[in-house]
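Student: Fold the following, please.
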Amino acid sequence: MLRMIVMKRWLSGAAAATVALTGACAPSASPADDGRLAVVAALYPVQYLAERIGGDAVAVTGLARPGVEPHDLEPSVRQLVQIRSARIVFYEKGLQPAVDDAIASAELSTAYDVAAPARLLSIADETATHAHEEAGDAHAIDSDAARAETEDGDDAGHGDDAGHSDDAGHSHGDGHDHGGLDPHFWLDPIRMADVAEAMADRLAAIDPARATTYRSNVRTLVADLHALDADYQRELTGCRSTELVTSHAAFGYLAHRYGLEQHAIAGLSPDSEPSAAALADIIAVVREAKVGTIYTETLASPALAQTIARETGAATAVLDPVEGITDDSAGADYLEVMRGNLSVLTKGQGCR
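Tutor: Numbering: from 1, shown residues only. Okay, the predicted model is just below:
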């Protein structure tokens, strides 16, 4: 409660400062003073979708900073003002607590939680390996349900009073509290496509004059994402190993979609410390399954993964969780980095 009161005072002070800087009678400056729709995206994958869908019709402000874990984001005063003044804010509730607080304290009706069309999974659901055909059937069912929920027009809470279902048919609790759920949906291109369609619908609803543009752009984007999925389906077949050993549990959606089984050294948070027993279990998996590659990440310490690799004789390779683009990324945008990940996986898993 104290944090929300402080946040409200901070927002009020920031807004007052903006008015003072731009003149008492003049409107405050915004990134969309040129006629474009002002959009805020709290995390990079959603920013990528908004930019592709909106094109020249939108001015997208991304809150996440390159090279910084999105979970750790603390919005600046300027970003808090941008959140408050945007026509729409795309975010994933539960991933970035400080963003959730800013949206709640500002009582925004313009915030859209992408969790429902993403159909978040729990770690337990992800570890159940599905055949590709079964994943496709579940996708078709869940995609229809997600679109139906979006078309119902629920606002900032996105149906906060009702649960939603994941691929395994599990129901998640009220309010989209993502505790225990994996937020990294964007590592599944099909889920990214579903979120893109929901975002395009929302943009079209608040900006009907440019609805045709949004719907045209999202068709192209969805085609690109399905082509990416087809490449993953084709390349990740006939692999010597289906055991995916990663630094932290960021790749569960990818594993779930493509018939792999993720074994994470750390949990959903890259800062979590595994127990000695958990490390022993990972080492046993690597030895027994003859895992040849252990994957480190761009934004997490590789120390534990490197230690396990030395202990077991495995190699290491870098997988990017696509939480932001930096000079060290294997591409300039989401699609390029995901294709870079595919190349790493094809080699590391011994795929044909």
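
Student: My assumption is that residue 279 lies in a helix; please confirm.
Tutor: Yes - counting by DSSP: H, G, I helix; E, B strand; the rest coil, residue 279 is part of a helix.

Student: contacting residues for it?
Tutor: 265, 304, 308 (Cβ atoms under 8 Å, 6 or more residues apart in numbering). Glycine gets a C-beta too; all of them are placed from N, C-alpha and C.

Student: Also residue 241?
Tutor: Contacts for residue 241 (Cβ under 8 Å, 6+ apart) come out as 289, 290, 291, 292, 349, 350.

Student: Which one (most neighbours) among those?
Tutor: residue 291 (25 neighbours; other Cβ atoms under 10 Å).

Student: just checking, that one touches residue 311?
Tutor: No - between residue 291 and residue 311 there is no contact under Cβ atoms under 8 Å: 12.0 Å.

Student: okay, and for the chain, where does confidence drop off?
Tutor: 1-33, 124-179, 269-271 (pLDDT under 70).

Student: where along it do the strands fall?
Tutor: Here the chain has its strands, by DSSP state E, at 37-41, 58-62, 88-91, 111-113, 121-122, 181-182, 243-248, 261-266, 293-297, 315-319.

Student: wait, which of those is closest to residue 327?
Tutor: Nearest of these to residue 327, taken as Cβ to Cβ: strand 315-319 at 14.2 Å.

Student: which helices and strands does that closest one pack with?
Tutor: Where contact means 3 or more Cβ pairs under 8 Å, 6 or more residues apart in numbering; DSSP states H and E, strand 315-319 is packed against strand 293-297, helix 303-312, helix 334-348.

Student: Kindly compare burial across those and name the winner.
Tutor: strand 293-297 (a mean of 23; mean count of other Cβ atoms under 10 Å).

Student: Let me know the angle separating that strand from strand 243-248.
Tutor: Angle between the axes of strand 293-297 and strand 243-248 is 30 degrees (criterion: axes from the mean of the first three to the mean of the last three Cα atoms, to 10 degrees).

Student: which residues does the nearest residue to residue 86 once chain neighbours are set aside contact?
Tutor: Of all residues not flanking residue 86 in the chain, residue 40 sits nearest, at 4.2 Å (Cβ to Cβ, 6 or more residues apart in numbering). Residue 40 makes contact with 60, 61, 62, 63, 82, 83, 86, 88, 89, 90, according to Cβ under 8 Å, 6+ apart.

Student: sorry, back to before: what is the nearest of the contacts of residue 241 to residue 189?
Tutor: residue 349 (17.8 Å).

Student: and the gap between the closest one and residue 229?
Tutor: Distance, residue 349 to residue 229, using Cβ to Cβ, to the nearest Å: 17 Å.
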